[in-house]
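Sequence below, structure please.
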Amino acid sequence: MMRLLTLFEGISPILYHLTSLRSLKDIISSNKIRLSASFSNPSEEQTGSDKLFFLSTTRSKIGGYTLRTAYDGSVLLVLDGRKLSHNYSGSPVDYWGHRMKSIDFKYDEMEDRIYSNEPYIDNIQDYIKEIHVLIMKPISMDGRRALLEVKKSGIPLFLYDNEKDFLHQRNPKKLDDFEFSDEKPYRSGYDSISTRKVFAKNDKSRFGFRRWNYLLTLPVEKYGTMHYNLKDIVRNIVYQGKDSSEFTAFMADLHNAKNSPRELQTLVDIMKKNKLRNASDVWDFLINRWEPIIKQAEM
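Residues are numbered from 1 along each chain as shown. The predicted model follows:
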């Protein structure tokens with residue numbers, strides 16, 4: 001069983017954050033980095049932080065997480081922990097515990113977490129000291145655009161053609177040393193007109209995390225106008241509580257949306273307003289919100 005333990009307070013002077021070349025362009029062009037929702041998984045509560053979001057970093061450029069997940073297109077951001085500590089709190093976290101690390105040293109992630117109540121760290125360029133990129137295949141158009149964004153930012157950029165040099169940050173190559181592919185820029189299927197039409201024909205409140213935002217914000221007086229499927233969900237929330245299959249679905253949807261601040265923004269606003277700290281509090285809030293109208297409707 002995994003363990004999640006806070007070791008002590010504080011942020012290390014130098015930190016490393018692993019991301020992808022695909023994400024790098026958005027990070028640099030928007031000048032902000034997306035955080036993960038700490039309330040999406042009950043085990044995250046064991047860190048002791050009361051913040052809603054966190055950024056996972058490592059204190060070592062060859063920490064276990066980097067060793068396990070380096071791949072073509074990997075990007076390692078070198079962050080200034082001292083600057084981050086001026087505006088953010090943080091602490092080292094032992095995610096796997098001693099037992100897993102004794103089995104395989106690659107589980108020693110040397111993780112530091114940066115905490116915030118906001119889903120992004122703004123002005124992230126102010127905290128980035130260097131950017132290191134692993135490139136083992138011809139660079140795609142998306143990759144080229146990401147590298148150009150970094151060049152424009154003035155942040156020192158280092159490129160490598162093999163995993164060892166990337167991990168140890170040695171023997172960097174020049175951009176001219178790499179080939180470029182003719183691959184078309186990546187586009188999500190959700191961008192297509194046909195996909196948008198399919199979703200437009202459906203009741204968005206019945207799918208994924210959107211249904212929970214719907215139930216958190218819809219005036220309870222409109223219960224009578226709801227689709228019968230949603231009425232069943234509300235009744236199960238009220239009468240079965242955390243034993244319901246709806247709670248299991250809520251936790252799954254929350255986990256899937258943990259890295260989507262836009263999708264979680266409504267929930268985050270409600271949590272802040274009502275001082276809710278975790279998923280269990282949110283579920284109790286839903287029960288208390290709908291219980292009076294359900295009992296009144298079924299008298």
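
Surely residue 93 is in a strand?
Yes - membership of residue 93 in a strand is supported by DSSP: H, G, I helix; E, B strand; the rest coil.

quick one: it from residue 261, how far?
Note on residue 93: its distance to residue 261, by C-beta to C-beta, to the nearest Å, is 21 Å. The way it works is simple: take the backbone N, C-alpha and C, and place the C-beta from them, glycine included.

What residue spans form the domains of the chain?
Here the domain assignment for the chain is 5-186, 191-297, based on automatic domain parsing.

which one of those domains is the most hemmed in?
Neighbour counts (mean count of other C-beta atoms under 10 Å) averaged over each of the domains of the chain peak at domain 5-186, with a mean of 17.

Grab the longest helix from this structure for me.
Looking across the chain with DSSP state H, the single longest helix is helix 279-297.

Can I get it in CSV, CA atoms only?
Provided in CSV are the C-alpha atoms of helix 279-297 (Å, rounded to 0.1, in the frame of the first residue of the first chain):
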residue,chain,number,x,y,z
ALA,A,279,-14.4,15.3,-1.6
SER,A,280,-16.1,14.0,1.5
ASP,A,281,-17.1,17.6,2.5
VAL,A,282,-18.4,18.3,-1.0
TRP,A,283,-20.6,15.2,-0.8
ASP,A,284,-22.0,16.2,2.6
PHE,A,285,-22.7,19.7,1.1
LEU,A,286,-24.6,18.0,-1.8
ILE,A,287,-26.6,15.9,0.7
ASN,A,288,-27.5,18.9,2.8
ARG,A,289,-28.3,21.0,-0.3
TRP,A,290,-30.8,18.6,-1.8
GLU,A,291,-32.2,16.7,1.2
PRO,A,292,-34.9,19.3,2.1
ILE,A,293,-36.3,19.5,-1.4
ILE,A,294,-36.2,15.7,-1.9
LYS,A,295,-38.1,15.0,1.4
GLN,A,296,-40.6,17.8,0.5
ALA,A,297,-41.2,16.4,-3.0
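
ok, residues contacting that helix?
With contacts defined as C-beta atoms under 8 Å, 6 or more residues apart in numbering, helix 279-297 is touched by 39-40, 42, 212, 215-216, 220-221, 223-224, 234-235, 237-239, 241-242, 247, 250-251, 254, 267, 270-271, 274, 276.

Distance from stretch 82-95 to the middle of the chain?
Here stretch 82-95 is found 17 Å from its chain centre; the criterion is C-alpha atoms, centre = their mean, to the nearest Å.

and it, C-alpha only, in PDB?
Extracted in PDB, the C-alpha atoms of stretch 82-95 (Å, rounded to 0.1, in the frame of the first residue of the first chain):
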ATOM      1  CA  ARG A  82      13.900  30.300  -3.100                       C
ATOM      2  CA  LYS A  83      11.700  32.600  -5.200                       C
ATOM      3  CA  LEU A  84       8.800  30.200  -5.000                       C
ATOM      4  CA  SER A  85       9.000  30.200  -1.200                       C
ATOM      5  CA  HIS A  86       8.400  34.000  -1.200                       C
ATOM      6  CA  ASN A  87       4.800  33.400  -2.500                       C
ATOM      7  CA  TYR A  88       4.000  29.700  -1.900                       C
ATOM      8  CA  SER A  89       4.200  27.200   0.900                       C
ATOM      9  CA  GLY A  90       5.600  23.700   0.300                       C
ATOM     10  CA  SER A  91       7.000  20.600   1.900                       C
ATOM     11  CA  PRO A  92       8.900  17.400   1.000                       C
ATOM     12  CA  VAL A  93       6.600  14.400   0.600                       C
ATOM     13  CA  ASP A  94       7.400  10.700   0.800                       C
ATOM     14  CA  TYR A  95       4.800   9.200  -1.600                       C
END
